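Q: predicted model follows, preceded by the sequence.
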Amino acid sequence: MVVSAQNSSQSRDQQTAENLAYIRQILAELRIVAEREGADMLCYLIEMAYIEAGDIQSGRRKLSVGHDQRNPPRGMPI
């Protein structure tokens, strides 16, 4: 079975939308935990990431700005 480029693009867009929704959900939960711990700066940074994800979801901001022009990530261990 051959998947057309349009179907592949729609599938990728759907996966991106689901991933962004998941990220926002986890960020909201993390903000609650950080708030309980009194980590004000961490709350702020998590909230900014939450807002950024919402802006991307709504189309107010691109997913990535100049992604292909950036240096590759260094593979920072977590």
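A: Here it is on my side, so go on. Numbers count the residues shown, from 1 in each chain.

Q: buried residues, the longest helix anywhere in the chain. List them.
A: Longest helix in the chain by number of residues, with DSSP state H as the criterion: helix 5-36. When burial is assessed from 16 or more other C-beta atoms under 10 Å, helix 5-36 yields the following buried residues: 20, 23-24, 27, 30-31, 34. Any C-beta I mention is one placed from the backbone N, CA and C, and that applies to glycine too.

Q: after that helix, which helix or strand is next? Please name it.
A: Moving toward the C-terminus from helix 5-36, the next helix or strand (DSSP states H and E) is helix 40-58.

Q: angle of the helix or strand bottoming out on mean pLDDT in the chain against helix 40-58?
A: Averaged element by element with mean pLDDT, DSSP states H and E, the chain has its least confident helix or strand at helix 5-36 (a mean of 90). With axes from the mean of the first three to the mean of the last three C-alpha atoms, to 10 degrees defining the directions, helix 5-36 sits at 160 degrees from helix 40-58.

Q: and helix 5-36, how far out from the chain middle?
A: Relative to the chain's own centre, helix 5-36 is displaced by 6 Å; criterion: C-alpha atoms, centre = their mean, to the nearest Å.

Q: hang on, residue 50 packs against residue 29?
A: No - between residue 50 and residue 29 there is no contact under C-beta atoms under 8 Å: 10.3 Å.

Q: which ones are touching residue 59?
A: Under the criterion of C-beta atoms under 8 Å, 6 or more residues apart in numbering, residue 59 has no neighbours.

Q: from residue 17, how far out is it?
A: According to C-beta to C-beta, to the nearest Å, residue 59 stands 11 Å off from residue 17.

Q: re the thing from before, just curious, which of the buried residues of helix 5-36 is nearest to residue 40?
A: Nearest to residue 40 out of the buried residues of helix 5-36 is residue 34 (C-beta to C-beta; 8.4 Å).
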